[in-house]
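Asker: sequence and predicted structure are below.
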Amino acid sequence: MSSPAAFCPPSAAEPMRSITLFTLPGIAEIAPGTDLTTVILAAAAAAAGADPEAALQPGDILVVTSKIVSKAEGRQLPAEDREQAITEETVRLVASRVHPGGVTRIVENKLGIVAAAAGVDNSNTPAGTVLLLPVDPDASARALCAGLRRALGFDVGVVITDTMGRAWREGQTDAAIGAAGVDVITDLRGSHDTFGQQMKATMTAVADEIAAAADLIKGKTSQCPVAVLRGMPELVHPQGQRSRNEGGSRNDGARSLIRPAEQDMFRLGSDEAWREGYAAACRENGLPVPGEDLLRVPEEDPADGPGKDPAQDPGKDPAQDPGEAPGKAQAEEPK
């Protein structure tokens with residue numbers, strides 16, 4: 001039986017820490033061209049009128065749902081077929097699974113983010129439309145942060161968030177896709193823990209932690225797309241300058257949270273990795289790759305003439321051709 005852990009009361013040198021989170025209610029539906037700086041400042045003023053403690057303060061971090069940024073930037077598109085919009089935003093297919101509700105595609109999108117459906121969303125947007133992510137979420141965060149700082153006269157940080165799944169865990173959580181004026185990673189490598197052991201791998205993704213914490217109060221259906229986190233002023237810094245933390249943080253924007261391809265140990269889904277490895281082994285050994293012939297465009301026989309209907313060929317029954325359906329499915333799979 002283990003002995004009970006000793007309680008160490010906080011010392012005067014190490015006071016208890018706390019953070020405060022609150023939403024800025026009253027933000028209406030955002031239309032293309034909306035000035036988000038003006039909208040957020042108006043919501044903050046209204047919140048402060050109801051509770052003086054809600055007035056924005058130096059060191060506050062504003063956490064903004066990417067949906068309102070996309071709407072303000074005109075990224076809402078008519079799209080009866082969401083799948084086509086996903087294909088157009090896809091750079092690389094990571095994994096794909098068929099399920100009773102359709103097909104889930106995990107892809108790398110144009111921002112380098114690996115996510116389900118390339119970040120294309122059809123929730124909280126009118127039927128028949130979809131929302132794409134901002135073209136450059138870090139640039140959007142910088143513009144918003146600069147506007148807020150000019151109006152307020154002091155430094156605040158901005159984190160733009162989107163909802164993502166996790167590779168090894170159920171459920172979704174919000175993560176940072178854009179950031180400005182705030183550290184996104186606290187790099188603890190080279191520092192020492194309380195036992196004097198050097199830390200060699202720990203890099204805390206503080207921007208993702210801020211995004212997830214704010215989502216607890218913003219929610220998905222409460223129409224509160226902006227939250228304020230207070231209590232971590234050391235993460236906020238003058239825009240364009242390095243953090244006050246000596247060499248232990250990175251504030252290059254949320255894009256620096258994306259792991260480089262050469263360091264990605266899980267670049268493909270398990271089934272996709274197996275198929276790619278099997279095909280490579282076949283090619284290396286001069287063996288045919290199963291299914292690869294289905295992707296080739298057959299050469300036209302001059303005797304057939306252009307546009308000949310295979311159904312008129314008595315030697316071929318399309319309904320009995322085992323390669324017909326798989327070939328079509330593979331040809332339509334996004335690259």
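Answerer: Yes, it's here.
Asker: show me where the stretch 151-300 of the chain has its helices.
Answerer: With DSSP state H, counting those that start in this stretch as the criterion, the stretch 151-300 of the chain has helices at 206-218, 270-284.
Asker: got JSON lines for these, with mean neighbour count, mean pLDDT and distance to D183 too?
Answerer: Quick note: C-beta positions are derived from backbone N, CA and C, even for glycine. Below are the helices of the stretch 151-300 of the chain laid out as JSON lines (neighbours: other CB atoms under 10 Å; pLDDT from 0 to 100; distance: least, CB to CB, whole Å):
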{"stretch": "helix 206-218", "mean neighbour count": "21", "mean pLDDT": "96", "distance to D183": "6"}
{"stretch": "helix 270-284", "mean neighbour count": "12", "mean pLDDT": "86", "distance to D183": "34"}
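Asker: nearest to A48, of the ones you listed?
Answerer: The minimum distance between A48 and those falls on helix 206-218, with 17.3 Å, by CB to CB.
Asker: re earlier: can I get the helices of the stretch 151-300 of the chain in a markdown table including distance to A85?
Answerer: A markdown table is the format used below for the helices of the stretch 151-300 of the chain (distance: least, CB to CB, whole Å):
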| stretch | distance to A85 |
| --- | --- |
| helix 206-218 | 24 |
| helix 270-284 | 22 |
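Asker: for A95, find the nearest of these.
Answerer: Nearest to A95, of all those, is helix 270-284, at 5.6 Å by CB to CB.
Asker: run the chain-centre distance for that closest one.
Answerer: With CA atoms, centre = their mean, to the nearest Å as the basis, helix 270-284 stands 28 Å off its chain's centre.
Asker: list the helices and strands it packs on?
Answerer: On a contact count with 3 or more CB pairs under 8 Å, 6 or more residues apart in numbering; DSSP states H and E, helix 270-284 meets strand 90-99.
Asker: which SS class is T125?
Answerer: At T125 the chain is in coil, as set by DSSP: H, G, I helix; E, B strand; the rest coil.
Asker: A47 is nearest to which of the helices of the stretch 151-300 of the chain?
Answerer: Of all those, it is helix 206-218 that lies closest to A47, at 12.8 Å by CB to CB.
Asker: contact partners for the closest residue in space to A47 that isn't next to it in sequence?
Answerer: With CB to CB, 6 or more residues apart in numbering as the criterion, A47 has its nearest non-adjacent residue at 4.0 Å, and that residue is A54. The neighbourhood of A54, defined by CB atoms under 8 Å, 6 or more residues apart in numbering, consists of 22, 24, 44, 47-48, 228.
Asker: filter the residues you listed down to just the ones in strands.
Answerer: When the contacts of A54 are checked against strands (DSSP state E), the matches are 22, 228.
Asker: give the buried subset of the contacts of A54 as a ChimeraX selection command.
Answerer: Only the buried entries of the contacts of A54 go into this ChimeraX selection, using 16 or more other CB atoms under 10 Å:
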select :22,24,44,47,228
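Asker: tell me the one among the contacts of A54 nearest to E80.
Answerer: Using CB to CB, these come closest to E80 at L24, 34.1 Å.
Asker: same list (the contacts of A54) but as CSV, adding distance to P78.
Answerer: Converted to CSV, the contacts of A54 look like this (distance: CB to CB, whole Å):
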residue, distance to P78
F22, 36
L24, 30
A44, 33
A47, 35
A48, 39
V228, 34
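Asker: for the contacts of A54, which one is nearest D183?
Answerer: V228 (17.2 Å).
Asker: any stretches of the stretch 151-300 of the chain with poor pLDDT?
Answerer: In the prediction, the stretch 151-300 of the chain carries residues with pLDDT under 70 at positions 239-251, 292-300.
Asker: please enumerate the strands of it.
Answerer: For the stretch 151-300 of the chain, applying DSSP state E, counting those that start in this stretch gives strands covering 157-166, 169-180, 185-187, 203-204, 226-230, 249-250.
Asker: tell me which of the ones you listed lies nearest to A212.
Answerer: The closest of the strands of the stretch 151-300 of the chain to A212 is strand 169-180. By CB to CB, the value is 4.7 Å.
Asker: what angle do the closest one and strand 157-166 make?
Answerer: With axes from the mean of the first three to the mean of the last three CA atoms, to 10 degrees defining the directions, strand 169-180 sits at 160 degrees from strand 157-166.
Asker: buried set for strand 169-180?
Answerer: Within strand 169-180, the residues scored as buried using 16+ other CB under 10 Å are 173-180.
Asker: do the same with stretch 142-154
Answerer: Buried residues in stretch 142-154, counting neighbours by 16+ other CB under 10 Å, are found at 142-149, 152.
Asker: and what of stretch 50-66?
Answerer: Buried residues in stretch 50-66, defined by neighbour count with 16+ other CB under 10 Å: 54, 56, 59-66.
Asker: compute the first-to-last residue distance for that stretch.
Answerer: With CA to CA, to the nearest Å as the measure, stretch 50-66 spans 26 Å from end to end.
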